[in-house]
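Q: Have a look at this prediction, sequence included:
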Amino acid sequence: MRAALAFMMVVGIGTGLSIGCEKEPPQAPPAPATPPATPPPAPPAAAAADAAATDAARKPKMVAPTDGLSLADRIAKRQADEKKLADQLAGEEKKRLIAYDKTKLPIHQQVFAAIKKARAAYDKAKSKEDVEKIRAAQQKTIDATGKKMATIDPKGGNSNVVTDYDVMLDALSNGYPEALAASFDGDKKPLEQLNAELDKRSKKIEDWLADVKAAKK
């Protein structure tokens, strides 16, 4: 009897322990490792400031001039240097043109002589009728002179006075006789202007041909 009671007590205690153990909550799994915190992005203003500082570091720094000249003196010096270079280039171009025109000097002289003769012919005119007669009489000569002139510089850009010849021949064919005829009606202004223009070009041609003739080969 006692033995049975003791057995029952042992069984009850074991059952209680078993029930108590089953009621214990299961342990939570370990927490995952926390990743390192990412720093917040730089504010826009700070980023812009950093970029500006980098650009400034890359740009060459301004260095103060050490020549001892003022700004006005440096400007004057630069202008003088530019003028010196321009004069040098102009001198070289003049030599080139003279060298070319010297090879055509006889034709230059023939063309210019014909132009002066055609202009002088109009000085004999005493009336509008005389002007027209002179114009018709020498038109063939003027045309022939123009063709001869074209042989001086066929490609252009090599003679210094071919353009002047062309302008003068055209004037003697058209504008000059018209202005001369108008002068007999009292309108002398066009003739004065044309004479001034032809005088200017004649002086240029005379001076140029003198330089060409004097130049050494």
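A: All right, it came through fine.

Q: And the helices in this protein?
A: In the chain, the segments counted as helices under DSSP state H are 2-22, 44-58, 71-102, 105-121, 128-150, 162-170, 176-183, 189-214.

Q: Let me know the angle separating the fifth one from helix 162-170.
A: Read it as helix 128-150. If you take axes from the mean of the first three to the mean of the last three C-alpha atoms, to 10 degrees, helix 128-150 sits at 150 degrees to helix 162-170.

Q: Deepest-packed of the helices of the chain, please.
A: Each of these was assessed for mean neighbour count using mean count of other C-beta atoms under 10 Å. The highest is helix 176-183, with a mean of 20. C-beta here means a position set from N, CA and C on the backbone, and glycine is covered the same way.

Q: From Lys200, how far out is the nearest residue to Leu194 once chain neighbours are set aside?
A: Leaving out its chain neighbours, the residue that sits closest to Leu194 by C-beta to C-beta, 6 or more residues apart in numbering is Ala179, at 5.1 Å. Counting by C-beta to C-beta, to the nearest Å, the separation of Ala179 from Lys200 is 16 Å.

Q: how close does Leu172 get to Asp101?
A: The value you get for Leu172 to Asp101, if C-beta to C-beta is used, is 22 Å.

Q: For Leu85, see how far away the spatially closest residue to Ala215 that is not a sequence neighbour is.
A: Spatially, and ignoring its direct neighbours in sequence, Ala215 is nearest to Ile98 (4.9 Å; C-beta to C-beta, 6+ apart). Distance, Ile98 to Leu85, using C-beta to C-beta: 21 Å.

Q: Likewise for Asn160?
A: In terms of C-beta to C-beta, Asn160 sits 21 Å off from Leu85.
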